[in-house]
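# Generate coordinates for the sequence data below:
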Amino acid sequence: MAKRKASPKNDDNAKTPTQLRNARKRAAKKRDKKAEKKQDPSLLYIDDPLRAPTVLEAKRFFRNIGKKLPLHLGPVEGWRSTAKLAVRASKTGPEIGLFLPKSHEICRVHGCPVHHPAINQALDLISAACKSAGVEGYDESQGKGDLRYLKLEVQRSSGKVQLTLVW
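Numbering: from 1, shown residues only. Okay, the predicted model is just below:
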């Protein structure tokens with residue numbers, strides 16, 4: 001039986017169909033993991049807010065001093081009336097969102113269920129206005145750009161949004 005020649009690792013033409021299929025599967029899995037990591041960190045405990053580390057820590061604190069902490073769970077969606085968001089440069093225009101934990105990579109939060117609906121509406125308007133006016137998000141690697149951060153605050157009684165821009 002003749003021995004098979006070892007093929008260079010990066011030469012796709014020399015790979016068998018099975019090797020090519022496995023490479024595609026690995027690449028898809030890697031893309032899925034990367035997309036998972038870009039999830040809004042504030043949505044991590046939306047299904048079970050009582051599991052959030054802050055809640056568990058507070059319960060532990062009160063238990064250690066011999067008190068019971070009564071917990072009352074409010075609305076899970078639409079409760080965030082203040083949002084401090086980073087604006088960074090991207091190929092498609094300014095990218096607005098939260099920093100992912102322990103990084104300066106942006107996680108888009110447009111349509112975030114925990115934001116007050118007025119914040120989500122304002123973010124759509126701000127994104128459109130930035131694109132039409134040619135406003136660029138800040139590029140940390142080059143130290144260039146226009147807009148760095150946004151702070152949005154909602155007055156619950158009227159639904160009006162106060163916007164602060166950091167240039």
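
# what's the pLDDT at the closest residue in space to residue 45 that isn't next to it in sequence?
Distance criterion Cβ to Cβ, 6 or more residues apart in numbering; nearest residue to residue 45, sequence neighbours excluded, is residue 52 at 4.2 Å. Any C-beta I mention is one placed from the backbone N, CA and C, and that applies to glycine too. At residue 52, the predicted lDDT confidence score is 90.

# Tell me how many other residues surround residue 52.
Residue 52 is flanked by 14 other residues according to other Cβ atoms under 10 Å.

# can you tell me how far it sits from residue 140?
29 Å (Cβ to Cβ, to the nearest Å).

# next one: phi and psi at residue 85?
phi -120, psi 140 (degrees, to the nearest 10).

# Tell me the secondary structure of the residue positioned nearest the centre of the chain, please.
Centroid-nearest residue in the chain: residue 107, 2.4 Å away (criterion: Cα atoms, centre = their mean). Look at residue 107: counting by DSSP: H, G, I helix; E, B strand; the rest coil, its state is strand.

# what are the bridge partners for it, then?
Here residue 107 sits in beta bridges with residue 98, going by DSSP bridges.

# Hmm, it is touching residue 97, no?
Yes. Contact criterion Cβ atoms under 8 Å: residue 107 and residue 97 qualify, at 4.9 Å.
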